[in-house]
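Visitor: The following comprises the amino acid sequence and a computationally predicted model.
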Amino acid sequence: GESQQSIRSHGDGGLPDSGVCMIVGSPRRVLGTSLTMPLKAVAAAALCLAAATGPARADTTVTLDPDSRFQTFNGWETTVNLFFGRTPERYGPVIFDKLLREVGISRLRLEIAAGAENEGGWIDDLLAGRTSVDDQRPIFYETLNDNDDPFVADPAGFDFDVLDYKYETFVLPMMERARALGLPMTVTLCYVSFTKFIREGGPYIHDQPEEYAEFIDQVFLHLRDKYGFVPAALEVNLEPDMSPEWTPQKLGLAMAAVTRRLKADGFTMPLIAPSVTNASNAGPWMDGIAAVPGATEMMTELSYHRYKGGSRAVVMEIANRAATAGWRTGMLEFWGGRGTPAILMEDLTIGNVSAWQGRAMLGFYKIDPSMPEGQDMTMFDDVRMNLPFFQTIRPGAVRIGAVSSAPGAVRAVAFRNPGDKVSVVVLSDAAEAISFHALPAGRYRVLQAYADDSFAPTDPVTAGPDGTLTVRMLAAGVIAVTGLAAN
């Protein structure tokens, strides 16, 4: 089921940095400033404190290897929703603030549907409730050609009302709030063409490379000229393996064409591809793309989704392919609560991902407007359990080696964050003591996430000159230690 959110931001700034040990858990509600903790959580607080003040018998050791360096982390990503839908719009500012300060979102995917090259004009009816997403879905991806020349665009043939609404309603407020908090925020543009929804006989032209390039170029010009905004990267096509019109070769031709077109208009744009639904399709699609001259000239990130085919071997193959080509990797979609800590740990340590997405923007919290303020937003379990990752691994962090003495039961990942702060996240399948070795000496904040516990702050814990620190876990779950001062 869904658990009550029970991790808090501290102060008015960004992510918590107050030097507390946190037990992240349960459906038990935190009311006002009073906190009712079950006996289990009280014991947890004592055990966290023991980590700072005295030795404990360690069942498992996690030893850092700072000389082994892997990927540089780019961002925790979420997708901008089409509109608020069932979420009351008044919750927007609260959600934006929580995503930044509580979840740690630092990258937005702004989608543009193929049907923006069409007559459009339906967004006002959708917002007013005069039509529905299901009614409009068949025309989301139909394309009516602006004219017969893909090198001479007719602005009247494009309707960017939906894009403008999403930018003004979701993207701009998130960017402004992140800036005010001093937090990083990156925005990528993602093309979407789920052609299976097009009505029988409906038109679609973007599988022609120059028509695709014209469309994307017009989107970039529109955002730049209207808002002074240019996305940081282009995700070339969302889940092309779901659309029969697209093939790896066609996607490669489109990538080569859009690279030429964007460069001609002054946009030096990194490309993200292939963003396949089935992770096992990433290799074959990249083979076809790479066979097209110029297709990968601006490619910087090899992206995949986890809905099918995401075995450990496939994820490793994706990482190896990207490393050979000099690209980052990104697991950029696995919605519906399926992005568990085990999946995230594998993507970070086997897939070497630099970006990761588990939910769309309005999907992190269950909202019940009938509840009193402060009790009306519930963080979903997968989000809560992933908070030790989200809050301690920040954009610009470089992964370093972390070796577990029991890798089958206790998995670990470590990063050196900007400012030289080290964070280690451990996923354990049982209660035990975790002894960290080779940590930089200094004070550390500790976060623990269990399936059923409450929230308990204690004093910071300290790694001495020998670089050791021991923290006990009460049950299977996730624990993170993160440096509070320059290490």
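Guide: In hand now; what should we look at? Residues are numbered from 1 along each chain as shown.

Visitor: Strands along the stretch 101-250 of the chain, start to end?
Guide: 107-113, 186-192, 233-235 (DSSP state E, counting those that start in this stretch).

Visitor: would you turn those into a markdown table with mean pLDDT and distance to Leu144?
Guide: All C-beta spots, glycine's among them, are computed from the backbone N, C-alpha and C. Formatted as a markdown table, the strands of the stretch 101-250 of the chain follow (pLDDT from 0 to 100; distance: least, CB to CB, whole Å):
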| stretch | mean pLDDT | distance to Leu144 |
| --- | --- | --- |
| strand 107-113 | 97 | 13 |
| strand 186-192 | 98 | 17 |
| strand 233-235 | 98 | 23 |
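
Visitor: which one of those lies closest to Ser423?
Guide: Of all these, strand 107-113 sits nearest to Ser423, with 18.3 Å by CB to CB.

Visitor: chain center to the closest one: distance?
Guide: 12 Å (CA atoms, centre = their mean, to the nearest Å).

Visitor: now stretch 294-302
Guide: Distance of stretch 294-302 from the chain centroid (CA atoms, centre = their mean) equals 21 Å.

Visitor: State the mean pLDDT of that stretch.
Guide: Stretch 294-302 shows a mean pLDDT of 98.

Visitor: cool, stretch 357-369 as well?
Guide: Mean per-residue pLDDT for stretch 357-369: 96.

Visitor: List the buried residues of it.
Guide: 357-365, 367 (16 or more other CB atoms under 10 Å).

Visitor: Same question for stretch 192-207.
Guide: 192-195, 198, 204-207.

Visitor: ditto for stretch 245-265
Guide: 245-248, 250-259, 261-262.

Visitor: Please apply the same query to stretch 231-245.
Guide: 231, 233-243, 245.

Visitor: from those residues, which is closest to Thr392?
Guide: Minimum distance to Thr392 across the buried residues of stretch 231-245 is 24.7 Å, recorded for Ala233 (CB to CB).

Visitor: my read: that closest one touches Phe267, true?
Guide: No: Ala233 is not in contact with Phe267 according to CB atoms under 8 Å; the separation is 10.7 Å.

Visitor: per-residue confidence at Gly32?
Guide: 27.

Visitor: Show me where the stretch 301-450 of the chain has its strands.
Guide: Under DSSP E, counting those that start in this stretch, the stretch 301-450 of the chain gives strands at 328-331, 353-360, 365-367, 377-379, 398-404, 410-416, 422-428, 432-437, 442-450.

Visitor: TSV for those strands, including distance to Gly288?
Guide: TSV is the format used below for these (distance: least, CB to CB, whole Å):
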stretch	distance to Gly288
strand 328-331	18
strand 353-360	23
strand 365-367	40
strand 377-379	41
strand 398-404	30
strand 410-416	32
strand 422-428	36
strand 432-437	45
strand 442-450	41
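
Visitor: low-scoring stretches of the chain, by residue?
Guide: 1-58, 453-459, 485-487 (pLDDT under 70).

Visitor: Give me the outermost residue of it relative to its centroid.
Guide: Asp148 (38.8 Å; CA atoms, centre = their mean).

Visitor: quick one: that residue from Gln208, how far?
Guide: Distance, Asp148 to Gln208, using CB to CB, to the nearest Å: 11 Å.

Visitor: From the rest of the structure, what touches the lengthiest strand in the chain?
Guide: Ranked by residue count under DSSP state E, the longest strand found in the chain is strand 60-72. With contact meaning CB atoms under 8 Å, 6 or more residues apart in numbering, strand 60-72 is reached by 328-329, 352-354, 396-406, 409-410, 412, 414, 416, 422, 424, 426, 428, 432-439, 467.

Visitor: and with 6 Å instead?
Guide: 352, 354, 398-406, 410, 412, 414, 426, 432, 434-438 (CB atoms under 6 Å, 6 or more residues apart in numbering).

Visitor: and the direction of that strand versus that of strand 398-404, what angle?
Guide: Orientation of strand 60-72 against strand 398-404 (axes from the mean of the first three to the mean of the last three CA atoms, to 10 degrees) gives an angle of 160 degrees.

Visitor: distance between stretch 388-395 and the chain's centre?
Guide: From the chain centre to the centre of stretch 388-395 is a distance of 11 Å (CA atoms, centre = their mean).

Visitor: Kindly report the same for stretch 165-172.
Guide: 18 Å.

Visitor: Stretch 353-365 now?
Guide: Mean-position distance between stretch 353-365 and its chain equals 4 Å (CA atoms, centre = their mean).

Visitor: who's in contact with that stretch?
Guide: 71, 73-75, 77-81, 87, 103, 328-335, 339, 347, 377, 379, 383.

Visitor: which other residues reach stretch 323-333?
Guide: By CB under 6 Å, 6+ apart, the list of residues contacting stretch 323-333 from outside reads 300-303, 305, 318-319, 322, 347, 351-357.

Visitor: now, which of those sits nearest Gln391?
Guide: Nearest to Gln391 among the contacts of stretch 323-333, with distances taken as CB to CB, is Trp356, at 13.8 Å.

Visitor: Can I take it that Gly467 is in a helix?
Guide: No: counting by DSSP: H, G, I helix; E, B strand; the rest coil, Gly467 falls outside a helix, being coil.

Visitor: show me the contacts for it.
Guide: Applying CB under 6 Å, 6+ apart, we find Gly467 in contact with 438-439.

Visitor: Same check on Met371?
Guide: Applying CB under 6 Å, 6+ apart, no residues contact Met371.

Visitor: Give me the phi and psi for it.
Guide: phi -80, psi 160 (degrees, to the nearest 10).

Visitor: Can you tell me how far it is from Pro93?
Guide: Distance, Met371 to Pro93, using CB to CB: 18 Å.

Visitor: repeat for Ala273
Guide: 34 Å.

Visitor: Between these two, point out the one with more neighbours.
Guide: Legend: neighbour count by other CB atoms under 10 Å for Ala273 and Pro93, higher for Ala273 (28 against 11).

Visitor: Need phi/psi at the most centrally placed residue in the chain.
Guide: The residue lying closest to the centre of the chain (CA atoms, centre = their mean) is Glu77, at 2.5 Å. Here is the backbone geometry of Glu77 (degrees, to the nearest 10): phi -100, psi 150.

Visitor: correct me, but it touches Ser106?
Guide: No: applying CB atoms under 6 Å as the test, Glu77 and Ser106 come out as separate, 7.9 Å apart.

Visitor: tell me, what's touching those two both at once?
Guide: Between them, Glu77 and Ser106 share no contacting residue under CB under 6 Å, 6+ apart.

Visitor: Dump the buried residues of stretch 231-245 to CSV, plus distance to Thr61.
Guide: CSV is the format used below for the buried residues of stretch 231-245 (distance: CB to CB, whole Å):
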residue, distance to Thr61
Pro231, 44
Ala233, 39
Leu234, 44
Glu235, 40
Val236, 44
Asn237, 45
Leu238, 42
Glu239, 42
Pro240, 45
Asp241, 42
Met242, 45
Ser243, 49
Glu245, 53
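
Visitor: now, among those, which is nearest to Ile343?
Guide: Nearest to Ile343 out of the buried residues of stretch 231-245 is Glu239 (CB to CB; 18.1 Å).

Visitor: which among the contacts of strand 60-72 end up buried?
Guide: 352, 354, 399-402, 404-406, 410, 412, 414, 426, 432, 434-438.

Visitor: List the residues that contact Gly401.
Guide: When contacts are counted by CB under 6 Å, 6+ apart, Gly401 is found next to 65, 68.
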